[in-house]
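Participant: with the input below, show me the fold.
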Amino acid sequence: LGAVTACARRYKGLNDCAIEIFFIGGDSVLIAFDTRGDRERLFRCLPDTVCHTDRGFVAEAGKKWGAKTMSNYSYLLALNSAAGRSFHDLSRYPVYPWVVADYSSTTLDLENPNTFRDLSKPVGALNKDRLDYYLERLTGMQGTMEPFLYGTHYSAPGYVLYYLIRTMPEHMLCLQNGKFDAPDRMFH
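Facilitator: Residues are numbered from 1 along each chain as shown. Model (predicted):
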């Protein structure tokens with residue numbers, strides 16, 4: 001228990017009955033229980049540590065980030081953890097904002113506003129043609145079902161696995177019946 005540095009309440013599927021325990025060195029483990037009560041019993045046995053899903057954690061991270069004692073990456077990790085996202089759960093994998101708009105320059109000019117995307121719009125609305133498509137589809141749904149603008153979440157398990165396989169192709173063997181997939185399809 002002396003190696004525990006923090007914890008966070010987590011979900012198992014749709015059930016609020018798991019806990020992630022963080023250790024010295026940055027490793028963590030996700031433990032799922034049958035009930036929330038079981039999780040809370042373990043939670044009370046842990047030493048007095050920071051809980052990532054408590055409001056105080058987010059406030060403290062914001063202060064550190066504002067004082068420039070916490071990196072942008074660490075701050076985004078903290079916000080993801082506070083929001084219930086974990087590297088142990090494909091359905092709640094950490095997400096990071098898409099902020100860069102300049103992909104042609106050899107160096108990024110951080111003083112130029114055109115270097116960054118318009119953060120007042122969701123990614124799906126950045127391209128006028130794409131937004132028009134979604135709006136037309138939304139209009140066509142009226143009266144047939146509950147209308148929605150985007151049909152899937154950007155952090156669905158399938159998208160996460162696709163990204164992870166591209167970063168660690170050696171794990172593809174486990175997903176393709178012991179055979180590597182066609183390279184043209186895997187790295188398109």
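Participant: strands of the protein, start to end?
Facilitator: Chain-ordered strands for the chain, with DSSP state E as the definition, fall at 4-12, 15-23, 28-32, 50-51.
Participant: nearest to Ile165, of those strands?
Facilitator: strand 28-32 (21.0 Å; Cβ to Cβ). (C-beta placed from N, C-alpha, C; glycine too.)
Participant: mind checking which of the strands of the chain is nearest His88?
Facilitator: Judged by Cβ to Cβ, the one of these that comes nearest to His88 is strand 28-32, at 3.8 Å.
Participant: could you dump the longest helix anywhere in the chain to CSV, C-alpha only?
Facilitator: When the chain is parsed with DSSP state H, its longest helix is helix 128-141. Backbone C-alpha positions of helix 128-141 (Å, rounded to 0.1, in the frame of the first residue of the first chain) are rendered in CSV as follows:
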residue,chain,number,x,y,z
LYS,A,128,-18.1,23.4,-45.0
ASP,A,129,-19.0,20.5,-47.4
ARG,A,130,-18.7,18.0,-44.5
LEU,A,131,-20.9,20.1,-42.2
ASP,A,132,-23.5,20.6,-45.0
TYR,A,133,-23.6,16.8,-45.4
TYR,A,134,-24.2,16.3,-41.7
LEU,A,135,-26.8,19.1,-41.5
GLU,A,136,-28.7,17.6,-44.6
ARG,A,137,-28.7,14.2,-42.9
LEU,A,138,-29.9,15.7,-39.7
THR,A,139,-32.8,17.4,-41.5
GLY,A,140,-33.7,14.1,-43.2
MET,A,141,-34.0,12.3,-39.8
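Participant: and the contacts of that helix?
Facilitator: For helix 128-141, the external contacting residues (Cβ atoms under 8 Å, 6 or more residues apart in numbering) are Gly124, Ala125, Pro147, Phe148, Leu149, Tyr150.
Participant: now with 7 Å?
Facilitator: With Cβ atoms under 7 Å, 6 or more residues apart in numbering as the contact definition, helix 128-141 has outside contacts at Gly124, Ala125, Pro147, Leu149, Tyr150.
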